[in-house]
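Undergrad: need a structure here:
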Amino acid sequence: MNSIFLTRLFRLFILLLFQVLVFNNIHLLGYITPLVIGYMVVCMHRNASRIAVLVWGFVIGLLFDTFSNTAGMGAASCTLIAMIQPVLLERLAPRDSAENLTPSFTSLGFWNYVFYVFLLMAALHGCFYLLDAFTLTDWPLTLFSISGGSVFTTIIIIFIELLIRTRKETTRHL
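TA: From the prediction side, this is the model:
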């Protein structure tokens, strides 16, 4: 089997486990819940086919829906960001970067990476919470949930990325 495929499956298992057991139980101010499962779509390579990215996004969302009882909201949200991800990565990647670019601080630069993650998380949370509310009668609360969840999830993803990159740097030097 392909090592990239196995690595993605392992990451999916770990992220799904943490999302369902930890992050689904965090509700800051009663309304802000991080959807860290979107990190799987953030990490997709630049040269991955669009169909593969869409399939991964849908499967990630479907597994999230299965374990979180969210009735298709996760699948729709993750598929949406899987549609946006290749276009956004192409726009934010440096022109002289490699074809197999993996989005990270080192490949995109710190602020471009933060902007990239924030835009994807804003789309994820926007779709998720708009489908959850399914009305605009309480739009300030929905907007608060979208913006707060996007910022909180972006911060968590930055910490995850720093943890992963720091671990890779120390193993590379050993």
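Undergrad: now for the helix or strand harbouring Leu163, which elements pack on it?
TA: Taking DSSP states H and E as the definition, Leu163 sits inside helix 139-173. Helix 139-173 is packed against helix 39-42, helix 105-108, helix 110-133, with contacts defined by 3 or more CB pairs under 8 Å, 6 or more residues apart in numbering; DSSP states H and E. For the C-beta atoms, the positions are set from N, CA and C on the backbone; glycine is no exception.
Undergrad: do me a favour and average the pLDDT over it.
TA: The average pLDDT within helix 139-173 is 83.
Undergrad: quick check: buried residues in that helix?
TA: For helix 139-173, the neighbour count (16 or more other CB atoms under 10 Å) marks 142, 145-146, 148-154, 156-158, 160-161 as buried.
Undergrad: any regions of this protein where pLDDT drops low?
TA: 1, 167-174 (pLDDT under 70).
Undergrad: for Val22, phi and psi?
TA: When read as degrees, to the nearest 10, the backbone of Val22 gives phi -110, psi -60.
Undergrad: spatially central residue for this structure, please.
TA: Of all residues in the chain, the one closest to the mean position by CA atoms, centre = their mean is Gly38, 2.2 Å from it.
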